[in-house]
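Asker: Provide a 3D model corresponding to the input given below.
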Amino acid sequence: MTFTSTLPTQPGFYAWKPSNEPGTDRILIGHVRQIAGRLLFLAHGFSRVYVEALGGLWCRLVPAEEINLTAMEFWMLGQRNTPQADAWNNSRAKRVADGKE
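Answerer: Presented below is the predicted three-dimensional model:
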């Protein structure tokens with residue numbers, strides 16, 4: 001998983017960790033929801049907190065169903081002799097990973 005300091009910009013599933021410093025290996029998996037125009041992070045055993053107040057590092061997670069659908073799409077694109085880079089750049093998988101779907 002790749003964590004960045006870029007805050008979530010839309011709802012979805014995310015992994016969050018407080019920082020990248022040694023000894024801070026705690027990772028929470030939760031759901032970011034939009035409530036009253038603001039993004040709220042909801043995780044089991046963790047208070048509901050607005051995303052902008054948390055900071056830390058974020059990694060967007062894609063549900064397994066999306067992975068399966070995009071893997072089938074990627075395979076079908078490959079069957080048409082599409083170069084892999086083009087297949088990825090034009091795939092639903094990339095749009096999901098980029099948070100555009």
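Asker: tell me where this structure has strands.
Answerer: Ranges of strands in the chain, per DSSP state E, are 12-17, 28-35, 38-43, 46-50, 57-61.
Asker: pick out the shakiest of those, pLDDT-wise.
Answerer: Here those differ in mean pLDDT, and the lowest is strand 46-50 at a mean of 85.
Asker: parallel or antiparallel, list what pairs with it.
Answerer: strand 38-43 (antiparallel) (DSSP bridges).
Asker: name the residues that touch the partner strand?
Answerer: Identification of contacts with strand 38-43 by CB atoms under 8 Å, 6 or more residues apart in numbering yields 7-11, 14, 16, 28-34, 48-52, 54. (Glycine included, C-beta is placed from N, CA and C.)
Asker: only whichever of those are buried, select them in PyMOL.
Answerer: With 16 or more other CB atoms under 10 Å as the criterion, this PyMOL line picks the buried residues out of the contacts of strand 38-43:
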select buried, resi 7+8+14+16+28+30+32+51+54
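Asker: just checking, H31 touches F13?
Answerer: Yes: applying CB atoms under 8 Å, one finds H31 in contact with F13, separated by 5.7 Å.
Asker: who's in contact with the residue most central in space within the chain?
Answerer: Against the mean C-alpha coordinate of the chain, by CA atoms, centre = their mean, the closest residue is R60 at 1.5 Å. Going by CB under 8 Å, 6+ apart, R60 touches P8, G12, F13, Y14, A97, G99.
Asker: what's the neighbour count on the closest residue to S5 other than its chain neighbours?
Answerer: Closest residue in space to S5, ignoring its immediate chain neighbours: L57 at 5.9 Å, by CB to CB, 6 or more residues apart in numbering. For L57, the neighbour count with other CB atoms under 10 Å is 19.
Asker: I'd say L57 and Y14 touch.
Answerer: No: contact criterion CB under 8 Å: L57 and Y14 do not qualify, at 10.2 Å.
Asker: could I get the strands of the chain as JSON lines with distance to F3?
Answerer: Shown next, in JSON lines, are these (distance: least, CB to CB, whole Å):
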{"stretch": "strand 12-17", "distance to F3": "6"}
{"stretch": "strand 28-35", "distance to F3": "12"}
{"stretch": "strand 38-43", "distance to F3": "14"}
{"stretch": "strand 46-50", "distance to F3": "17"}
{"stretch": "strand 57-61", "distance to F3": "4"}
